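[1] Build me a structure from this.
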Amino acid sequence: MKKISLFILLLLLYFLILFLNYKAFNASTSEGVDTVYTTVTDTVFHKDTVRLINLVPKYVVQTKRDTVYTKDGNEVHLLEENKLYQDTIISDKDTAELQIFTSGINTKINAVNLNLKKSEVIKTNTIEVTKFIKEPKKFKDRFHFSPQVGVGYGLVNKKPDLYVGFGVSFEI
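    The predicted structure follows:
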């Protein structure tokens, strides 16, 4: 009967030690929690090529620059022209304004190729990551005083013995 009561007492002490250690572990892990939010965005670029032909100048300024004589002796006045071409291009929700300046004698623009680069956000994910940060313990926090159960070889009576009691341990 004595052995059964000792066994039940040891079993109760064992569960008490497990319960105290479980509470201590949960209290220490909830202190150093850090939540990190990471946003991942995939962007795809589309190209639109707009071809403008037969542009009409918006402004023309003529200035006399030089006079040339032909073989017959006739005067030919060379006029330099400064031209400004303006246009607005609308593609979906994007708008591009185009300005072209030319200067010279009898200048014109045959064609203009304009590449519009549009971006489109395809997918955005926000990822929440919880990181547990373990803070280093101070020297005094490494000492633990708790109930202990142990089995060992006795130094005094020179036989295997059971130990039940309170003890001090140090965490390295």
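[2] contacts and neighbour counts: CA atoms only from here.
    Will do.
[3] what about the helices in this protein?
    Remark: helices assigned in the chain by DSSP state H are 2-29.
[4] residue furthest from the geometric center of it?
    What lies farthest from the middle of the chain is residue 72; by C-alpha atoms, centre = their mean that is 77.1 Å.
[5] Check what pLDDT that one gets.
    pLDDT, residue 72: 89.
[6] residues contacting residue 90?
    Each residue near residue 90 by C-alpha atoms under 8 Å, 6 or more residues apart in numbering is listed here: residue 96.
[7] which residues does it bridge with?
    Listed beta-bridge partners, residue 90: residue 95 (assigned using DSSP bridges).
[8] pLDDT value on residue 47, please?
    73.
[9] Leaving out chain neighbours, which residue sits closest to it?
    Distances taken as C-alpha to C-alpha, 6 or more residues apart in numbering place residue 117 nearest to residue 47, at 4.8 Å, with adjacent residues excluded.
[10] thinking again about what came up before, now the residue farthest from the centre of the chain, what are its backbone angles?
    Reported as degrees, to the nearest 10, the phi and psi values for residue 72 are phi -80, psi -10.
[11] do you know how far it is from residue 78?
    Here residue 72 is placed at a distance of 17 Å from residue 78 (C-alpha to C-alpha, to the nearest Å).
[12] Show me the protein divided up by domain.
    Following the assignment in automatic domain parsing, the chain carries domains at 2-32+134-170, 39-122.
[13] Next, find the distance separating the closest residue to residue 164 other than its chain neighbours from residue 170.
    In this structure, residue 164 finds its nearest non-sequential neighbour in residue 149, 4.6 Å apart by C-alpha to C-alpha, 6+ apart. To residue 170, residue 149 is 16 Å away according to C-alpha to C-alpha.
[14] Tell me which of these two has more neighbours.
    Using other C-alpha atoms under 10 Å as the criterion, residue 149 and residue 170 rank with residue 149 on top: 15 against 11.
[15] Do I have it right that the more buried one meets residue 10?
    Yes - counting by C-alpha atoms under 8 Å, residue 10 is a contact partner of residue 149 at 7.3 Å.
[16] Mind listing the shared neighbours of these two?
    residue 164.
[17] residues in contact with residue 51?
    By C-alpha under 8 Å, 6+ apart, the contact set of residue 51 is 111, 112, 113, 114.
[18] Between those, which sits nearest residue 44?
    Closest approach between the contacts of residue 51 and residue 44, by C-alpha to C-alpha: residue 114, at 19.4 Å.
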